[in-house]
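Student: only geometry, no sequence info:
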Ligand SMILES: [Fe+2]
């Protein structure tokens, strides 16, 4: 029994058009995300074998594979849920209050997140995270799936800016892809993630 499994998309491949084409969604979910799931499971299996044999020669490479592939699995799992054919608009609830308090308002948050996503060097992600150290949301830019992004933070809203996420439709125009992403953001999902994440900090339960 594999530890990690590919989740079903919560909508059809073409549900996010015109923001994201059906073919991108099909390849992205069925091939790319599946690859990260398989890679994370393979890394766990190798680590189990290393423990059984007490042979640790490649531990650095395998742990690196686990971090990369598991982070890819986590980011994509959140990404699918963060979008909806009924998405767009602005958030409500405590999330809206938090964005006002910590970013100066929704528009300023949106600009910050967009610029972060557009500015990722090479392959990576723009992320809105709940920082459990400070007990507040922050924006982060991850290279690959996990590099340059802080520990101790829960993803609330993530945007894949790897070329596999947009190139078939947008070619080299990452900026247009990022701008059109806002039309499919499922704010109810993001707000629920905020409500769950904000119940604890590194020092304990709120
Ligand atoms: Fe991706």
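Tutor: Looks like it arrived, so ask away. Since we're looking at a predicted model, the values are computed, not measured. Residues are numbered from 1 along each chain as shown.

Student: residues contacting the residue nearest the centre of the chain?
Tutor: Nearest residue to the geometric centre of the chain (C-alpha atoms, centre = their mean): residue 75, 3.0 Å. Going by C-beta atoms under 8 Å, 6 or more residues apart in numbering, residue 75 touches 125, 127, 142, 145, 155, 158, 160. The C-beta positions use only the backbone N, C-alpha and C, and glycine is treated the same way.

Student: quickly find the element holding the closest residue to the fourth one other than its chain neighbours.
Tutor: Beyond its immediate neighbours in the sequence, the residue positioned closest to residue 145 (C-beta to C-beta, 6 or more residues apart in numbering) is residue 71, lying 3.7 Å away. When secondary structure is defined using DSSP states H and E, the element that contains residue 71 is helix 59-81.

Student: pull out the buried positions in stretch 7-23.
Tutor: 9, 11, 13, 15, 16, 19, 20, 21 (16 or more other C-beta atoms under 10 Å).

Student: quick check: residues of the protein near the ion?
Tutor: With C-beta under 5 Å from the ion as the criterion, the chain meets the ion at residues 32, 160, 162.

Student: highest neighbour count among those?
Tutor: Of all the residues of the chain next to the ion, the most densely surrounded is residue 160 (25 neighbours; neighbours counted as other C-beta atoms under 10 Å).

Student: pairing partners for that one in the sheet, please.
Tutor: Counting by DSSP bridges, residue 160 is bridged to residue 125.

Student: average pLDDT for the host helix or strand of residue 100, rounded please.
Tutor: If you go by DSSP H and E, residue 100 is part of helix 93-103. For helix 93-103, the mean pLDDT works out to 97.

Student: which other residues reach it?
Tutor: Contacts of helix 93-103 (C-beta under 8 Å, 6+ apart): 90-91, 105-106, 109, 112, 136-139, 156, 187, 190-191, 194-195, 198.

Student: at 6 Å instead, please
Tutor: Helix 93-103 has contacts (C-beta atoms under 6 Å, 6 or more residues apart in numbering) with 106, 109, 136, 137, 191, 194.

Student: quick check: next helix or strand after that helix?
Tutor: Next along the chain after helix 93-103, taking DSSP H and E as the criterion, comes helix 106-119.

Student: report the buried residues of that following helix.
Tutor: By 16+ other C-beta under 10 Å, the buried positions in helix 106-119 come out as 109, 112, 113, 114, 116, 117, 118.
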